[in-house]
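> Fold the following.
(3 chains)
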Amino acid sequence: MKIGYPCINRSLPCRGNRTFRLASYSESRLKEAVAENLDCLRQMLQYNVDQGLFFFRISSDLVPFASHPVCQFPWPDHFQPLFAELGRFIRRHGLRISMHPDQFTLLNATDPAIVRRSILELEYHARVLDAMELNATARIQIHVGGVYGDKTAAIARFAEVYGRLPEPVRRRLVIENDERLFSLADCLRVHAHTGVPILFDAFHHELLNRSESLAEAVAAAGATWRCGDGLPMLDWSSQKPGARPGAHAESIDLDRFSRFIAATSGHDFDLMLEIKDKEQSARLARAALEDDARLFRPTLREEH
DNA sequence: AGGTGTCAAGCGTCC
DNA sequence: GGACGCTTGACACCT
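Below is the predicted model:
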């Protein structure tokens, strides 16, 4: 199991998601932002290796406006040496990488223009991972999309679009259960039509489910991943106390985390912690896992 | 320099 | 029919 956090590291002085307003787009502005973002990405990856955090989600802001018509700059060529270097670093240290386009990416939209833009956005994400020369274990996760009043039709539209996705996108795409519209059970229907692997979000599942136990759910989602896809990916978070249901906690609740680990024992996966303080909670989780390992396998204690 | 309104994209919910 | 949350930061303009 590799542990990770998404996109931003608050312990480092750099920022890996620098962007700017569309109105102030220029080629030099873009080059400047991407160079800075790639440099910071390198620092974050180094930090992660140093801290034993081997799973990381790369920010979609890495290349601002990459899929927008305003961007005609051949950024994959221009930055190829830097992408290749990052890729070598990732492979050398066995890091697992994901990306997560935001809520505007809707493959099952009823408006063809939205679908077209969504595919362009996914192609951008695939191009980043391809430029790093990462294999198909590096994944792009999205939600199934909107329901538009008819979930069966919405799933059929998703499957139809999935079938005609460019290969560089399809080989990396995974779907994630959300907390309002498409439950794990719904994602399994999508999987039955398409074969797309399911990234299980344990927190969303708490808010929208069919009473499957955690172990059942993890097993069902895990079974949708094939050889070559890498270990199943999981997202985990916990509820911010007193806040709107679904709000992510500020920092990790280690009791809850230990119960989650215990409930899913026997299943292996790479775990993304979606908690606001990012790398701090990821480090605590990693330490807790090591404590658990010592507890359950006392021989390890003598080695340390 | 500091304060603040606003930012590419869309869904569903609530009023 | 319009504001809001999603995720929450930070750009960019104003004073």
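> Can you mark which positions in stretch A:183-195 are buried?
A:Ser183, A:Leu184, A:Asp186, A:Cys187, A:Leu188, A:Arg189, A:Val190, A:His191, A:Thr194 (16 or more other Cβ atoms under 10 Å). (Glycine included, C-beta is placed from N, CA and C.)
> and it, anywhere near DNA strand B?
No - applying Cβ under 7 Å from any atom of the strand, one finds stretch A:183-195 separated from DNA strand B by no less than 12.4 Å.
> returning to that earlier point: now pLDDT and secondary structure too, for the buried residues of stretch A:183-195, in a markdown table please.
Listed next are the buried residues of stretch A:183-195 as a markdown table, based on pLDDT from 0 to 100; DSSP: H, G, I helix; E, B strand; the rest coil:
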| residue | pLDDT | secondary structure |
| --- | --- | --- |
| A:Ser183 | 93 | coil |
| A:Leu184 | 94 | helix |
| A:Asp186 | 94 | helix |
| A:Cys187 | 95 | helix |
| A:Leu188 | 96 | helix |
| A:Arg189 | 95 | helix |
| A:Val190 | 95 | helix |
| A:His191 | 96 | helix |
| A:Thr194 | 96 | helix |
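> and which of the residues you listed is nearest DNA strand C?
A:Ser183 (15.5 Å; Cβ to the nearest atom of the strand).
> Near the closest residue to that closest one other than its chain neighbours, how many residues? Count them for me, please.
In space, and not counting its chain neighbours, A:Ser183 is closest to A:Leu208: 4.7 Å by Cβ to Cβ, 6 or more residues apart in numbering. The number of residues packed near A:Leu208 is 18, by other Cβ atoms under 10 Å.
> how much space between A:Trp75 and DNA strand B?
Distance, A:Trp75 to DNA strand B, by Cβ to the nearest atom of the strand, to the nearest Å: 13 Å.
> mind putting the buried residues of stretch A:183-195 in CSV, distance to DNA strand C included?
CSV is the format used below for these (distance: Cβ to the nearest atom of the strand, whole Å):
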residue, distance to DNA strand C
A:Ser183, 16
A:Leu184, 16
A:Asp186, 18
A:Cys187, 16
A:Leu188, 21
A:Arg189, 22
A:Val190, 20
A:His191, 22
A:Thr194, 24
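> contacting residues around the lengthiest helix in chain A?
Longest helix in chain A, counting residues (DSSP state H): helix A:27-51. With contacts defined as Cβ atoms under 8 Å, 6 or more residues apart in numbering, helix A:27-51 is touched by A:4, A:9, A:11-12, A:14-20, A:53-54, A:56, A:58-59, A:61-65, A:71, A:73, A:75, A:78-79, A:82-83, A:85-86, A:89-90, A:93, A:95, A:279, A:282-283, A:286.
> Also near DNA strand C: which of those residues, exactly?
Within those, those near DNA strand C by Cβ under 7 Å from any atom of the strand are A:Arg15, A:Asn17, A:Arg18, A:Thr19, A:Phe20.
> Can you select the buried ones from these in ChimeraX?
Listed next is the ChimeraX selection for buried residues among these, using 16+ other Cβ under 10 Å:
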select /A:15,17,18,19
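> In what element of secondary structure is A:Ser98 found?
strand A:96-99 (DSSP states H and E).
> Just give me how far that strand sits from the chain centre.
6 Å (Cα atoms, centre = their mean, to the nearest Å).
> Can I get that strand in PDB, CA atoms only?
The C-alpha coordinates for strand A:96-99 follow below in PDB (Å, rounded to 0.1, in the frame of the first residue of the first chain):
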ATOM      1  CA  ARG A  96       2.300   6.000  -8.100                       C
ATOM      2  CA  ILE A  97       0.700   8.900  -9.900                       C
ATOM      3  CA  SER A  98      -2.900  10.000 -10.500                       C
ATOM      4  CA  MET A  99      -4.700  13.100 -11.900                       C
END
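> Relative to A:Thr152, which of the buried residues of stretch A:183-195 is nearest.
Nearest to A:Thr152 among these, counting by Cβ to Cβ, is A:Arg189 at 8.4 Å.
> The closest one is in contact with A:Ile155, isn't it?
Yes - counting by Cβ atoms under 8 Å, A:Arg189 does reach A:Ile155; the two are 5.6 Å apart.
> can you list contacts of stretch A:204-219?
Taking Cβ under 8 Å, 6+ apart as the rule, stretch A:204-219 contacts A:176-181, A:183-185, A:200, A:202, A:220, A:232, A:234-235, A:239, A:245-246, A:260, A:263-264, A:266-267, A:269.
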